[in-house]
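> Okay, sequence plus prediction incoming.
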Amino acid sequence: MTNLDTLFTPGLVAAQQPQWPDGPSGAPIREAVEQLKKLPPLVFAGECDNLKAKVAEAAAGRAFWLQGGDCAETFSAATADSIRNRIKTILQMAAVLQYASSLPVVKVGRMAGQFAKPRSNDTETRGDVTLPAYRGDAVNDIEFTPESRMPNPQRLVQVYNTSAATLNLVRAFTQGGFADLRQVHEWNKGFANDPRFSQRYEQMANEIGRALEFMKSAGVDPESFKKVDFYSSHEALILEYEKALTRIDSRTGYAYDVSGHFVWVGERTRQLDGAHMDFASKIQNPIGIKLGPKTTPEDALAMVAKLNPTNEPGRLTFITRMGAGLIREKLPALVEAVTKSGAIVLWVCDPMHGNTYEAPSGYKTRKFDDVLDEVRGFFEVHKKLGTHPGGIHIELTGDDVTECVGGGEQISEADLADRYETACDPRLNHTQSLELAFLVAEMLRDR
């Protein structure tokens, strides 16, 4: 039986942590942590194990991973409409990918926990005023005032409560009939659609509907068509929160982070001798690691040794974020080294984070063509090496925002101000997400 009190190595450096009032061991953060330790799990160890089995299937080329959701969730946006629209978008994308590839699609939301963000600087300056940087609603508020930007540990308790409410809705939508494949037409209603993709989607929905009716007439009506497994994920960034929500599984005696099914360690916190990697090595959840263009094959192999020394299938996912201009150059050496070592890893493409730039208007944005080109490069590399392009990791919203330029709607840099609503990085809107799904579906079909 694992002892939580001695599980994690003390004294390790934890990068990207908030500057809490009274310091990292002061009364405010201690009080919040004690509250969190007493709360029930948000997810269950058995669900994490189920997801791990599906990761293993995707790593073997027998499934495809689709992970999508907000760059940074906010408390104010955790509404029923916003959550439903994100789920709708992911379900639509999954239907397109599954129909084209005949592969099961593992559906994972950047939801119910993605409330914290790493920052390049601890402070932000506007004019002659310098305040703490906004680190996500888990830490402080985006409003630029001294009161709003003061880190507040009680926000971690609010993260828990908002995540619980979000998961409650997610489970209701995905298990209560909303995710029934017979609803595939309904998912497309209520959106402002590019007619090219809405028509294409409706044609696919009609074909799915006819296939379902045929199966029903033949006496085949499986429950798996009526509901879906939908998993939650977030970056395991604020270690006080993650450790407070780590529990010992009564079945196995092992530790699980019950704040989410799948957690990942970011590019800025994956130091091999750091506290985040130590934390990830001690929990049984399936784990993701973000790999940028500076990652060496030696780095990747050291992470495999640290996080999955027994080579457990489904344990480890490498999420590559190289940028469209570097994916074809930087990815092959990593995939070759890991494959040659015999390590079982799911390779997932994050085509968002390597393609961010600042428009002349000052808005951070991404070009849809760059996003698409990085995915295309990801598939090309794996095809050349004979390995599996296992999935995609997308920052998206179900709403018709104007945050990324291009796509079928031809959003321009001048359009960004129309509906730029993200709390941090730019997201694909609903139509751009669906367009990307159709384009990825073609790659899957031709893989």
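Nice, I can see it. For clarity, every value in this text was computed on a predicted model and none was experimentally measured.
> Where does the prediction get shaky in the stretch 1-150 of the chain?
Judged by pLDDT under 70, the stretch 1-150 of the chain has its weakly predicted residues at 1-2.
> could you pull out the strands for it?
Along the stretch 1-150 of the chain, the segments classed as strands by DSSP state E, counting those that start in this stretch run 64-69, 105-110, 123-126, 129-132.
> The stretch 151-300 of the chain too?
Chain-ordered strands for the stretch 151-300 of the chain, with DSSP E, counting those that start in this stretch as the definition, fall at 230-235, 246-248, 255-257, 262-265, 287-291.
> could you dump those strands to a markdown table with distance to residue 322, mean pLDDT and mean neighbour count?
Yep, even glycine has a C-beta here, placed from its N, CA and C like the rest. What follows is the strands of the stretch 151-300 of the chain, written out as a markdown table (distance: least, Cβ to Cβ, whole Å; pLDDT from 0 to 100; neighbours: other Cβ atoms under 10 Å):
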| stretch | distance to residue 322 | mean pLDDT | mean neighbour count |
| --- | --- | --- | --- |
| strand 230-235 | 18 | 98 | 25 |
| strand 246-248 | 32 | 97 | 19 |
| strand 255-257 | 27 | 98 | 25 |
| strand 262-265 | 16 | 98 | 26 |
| strand 287-291 | 8 | 98 | 25 |
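> Let's have those in a markdown table, adding distance to residue 5.
Formatted as a markdown table, these follow (distance: least, Cβ to Cβ, whole Å):
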| stretch | distance to residue 5 |
| --- | --- |
| strand 230-235 | 25 |
| strand 246-248 | 11 |
| strand 255-257 | 11 |
| strand 262-265 | 21 |
| strand 287-291 | 22 |
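> of these, which approaches residue 323 most closely?
Put simply, out of the strands of the stretch 151-300 of the chain the one that sits nearest residue 323 is strand 287-291, at 12.0 Å, with distance taken as Cβ to Cβ.
> what sits up against that closest one?
For strand 287-291, contacts defined as Cβ atoms under 8 Å, 6 or more residues apart in numbering pick out 233, 262-267, 270, 280, 299-300, 303, 307, 315-322, 334, 348, 350, 353.
> picking that back up, between the strands of the stretch 1-150 of the chain, which gets nearest to residue 174?
Nearest of the strands of the stretch 1-150 of the chain to residue 174, taken as Cβ to Cβ: strand 105-110 at 8.2 Å.
> Quick one: list the elements packing against that closest one.
Taking 3 or more Cβ pairs under 8 Å, 6 or more residues apart in numbering; DSSP states H and E as contact, the helices and strands that strand 105-110 lies on are helix 45-59, strand 64-69, helix 80-101, strand 230-235.
> Mind checking the ones you listed for the one nearest to residue 256?
Set against residue 256 and scored by Cβ to Cβ, the helices and strands packed on strand 105-110 come closest in helix 45-59, at 4.4 Å.
> one step back: quick one: which of the strands of the stretch 151-300 of the chain is nearest residue 326?
When those are compared for distance to residue 326 using Cβ to Cβ, the nearest one is strand 287-291, at 11.6 Å.
> Check the offset of the closest one from the chain's centre.
Remark: strand 287-291 is offset 11 Å from the chain centroid, using Cα atoms, centre = their mean, to the nearest Å.
> Now do that strand and helix 45-59, the angle between them.
Put simply, strand 287-291 runs at 50 degrees to helix 45-59, going by axes from the mean of the first three to the mean of the last three Cα atoms, to 10 degrees.
> Just give the strands next to strand 287-291 in its sheet, each with its orientation.
In the sheet containing strand 287-291, its partner strands are strand 262-265 (parallel), strand 316-320 (parallel), by DSSP bridges.
> Alright, that wraps it up for me.
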